[in-house]
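K.L.:
Dropping the sequence and predicted coords here.
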Amino acid sequence: MLKITQYQDLDKIMMGSTINGQLLYTVFAFFLDGLLIDTGCHNTRYELIDYLGSKELSKVVNTHHHIDHIGANQAIMDKFKVPIFAHPEALPFIADGFHVFSYQKELWGAPTFCRVKPLGKKITTKRFDFEVIHTGGHSKGHVVLFLKNRGWLFTGDEFLTNKPNSSSRFTDNHQMIKALQKMMNFESELLITCSGGIFKKGKKILSRTIDYYRETESNVLSLTRQGLTPAEIVLKLFNGETPLYEYTNGEFSRQNFVEGFLKKSSLENC
Ligand SMILES: [Fe+2]
């Protein structure tokens, strides 16, 4: 399933898979002035190509290597012969692959891994210069794109919502906080996220989100010192698990989010 909506001259491209008649998950890519930001799922690659057929596509950026952001890379290269860029740290994952969970394959389709080009510090289109900011919190080599003259910050998966409470088991919330702090260095008016949300007063929202992470961390550490397990902390702070817990066999969960405050680091395999 693919659906286009517009925000001013920005095309928001919603993609998702329907399983047993239910739309379980969606992800957004964006098109502006010849630039496609992310290529979405493998399952929707032909719908995306149909949409792009009426556009003047000149280049593509992958914000990061996760399969719901690179799924149509090979199909787009084959059809349009345009360059696709990603941060150098993301290139080996995009080219050689990495472990993909079965729920991810079912939701989004297993992509064809392929070589893309290293991003520099800027991406230029006919009308705009996008600044490339390496944040690397959500995954190794994650970038966000800043369109300075509009104050638009394309956050990828680095910022999805102002009060997150679920994550994959690779998430390290200290890295997430560092990434948010990096984004705070830019005067963002809008946060344009891959969950489809567009948040106004961008910099203020980032600041409040950092406060939220700090406050949650303090609660998690305090409850841990009192002897509660991560699962008990989930019950106490969030009233139980996310509905996606069972479907993903716990790979996406609130417990992971809680444990994301208790680990030292680990983006090596994500
Ligand atoms: Fe991601």
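P.N.:
Received the coordinates, thanks.
K.L.:
Sticking with residue 131, tell me its helix or strand.
P.N.:
Under the criterion of DSSP states H and E, residue 131 resides in strand 129-134.
K.L.:
now residue 60
P.N.:
Secondary structure assignment for residue 60, by DSSP H and E: strand 59-61.
K.L.:
roughly how far is the helix or strand hosting residue 246 from the heart of the chain?
P.N.:
Assessed by DSSP H and E, residue 246 sits inside helix 244-247. When C-alpha coordinates are averaged (CA atoms, centre = their mean, to the nearest Å), helix 244-247 and its chain have centres 19 Å apart.
K.L.:
Also stretch 141-161?
P.N.:
10 Å.
K.L.:
buried set for it?
P.N.:
Within stretch 141-161, the residues that count as buried by 16 or more other CB atoms under 10 Å are 141-147, 152-160. C-betas here are computed from N, CA, C, even on glycine.
K.L.:
ok, residues contacting the helix holding residue 246?
P.N.:
Residues from elsewhere that reach helix 244-247, judged by CB atoms under 8 Å, 6 or more residues apart in numbering: 24, 103, 166, 252, 253, 254, 255.
K.L.:
so which of the residues you listed comes closest to residue 88?
P.N.:
Nearest to residue 88 among these is residue 252, at 27.5 Å by CB to CB.
K.L.:
Please enumerate the helices of the stretch 51-200 of the chain.
P.N.:
Taking DSSP state H, counting those that start in this stretch as the criterion, the stretch 51-200 of the chain carries its helices at 67-70, 73-80, 91-96, 102-108, 173-183.
K.L.:
Which of the buried residues of stretch 141-161 lies at the shortest distance from the ion?
P.N.:
Proximity of those to the ion (CB to the ion) peaks at residue 157, which lies at 3.7 Å.
K.L.:
Find the residue closest to the closest one in space, skipping its chain neighbours.
P.N.:
Nearest residue to residue 157 in three dimensions, chain neighbours excluded: residue 138, at 4.6 Å (CB to CB, 6 or more residues apart in numbering).
K.L.:
ok, back up a step: for the helices of the stretch 51-200 of the chain, which one sits closest to residue 243?
P.N.:
Here helix 102-108 is closest among the helices of the stretch 51-200 of the chain (CB to CB), at 13.0 Å.
K.L.:
what helices or strands is that closest one leaning on?
P.N.:
Other helices and strands packing on helix 102-108, by 3 or more CB pairs under 8 Å, 6 or more residues apart in numbering; DSSP states H and E, are strand 10-19, strand 22-32, helix 67-70.
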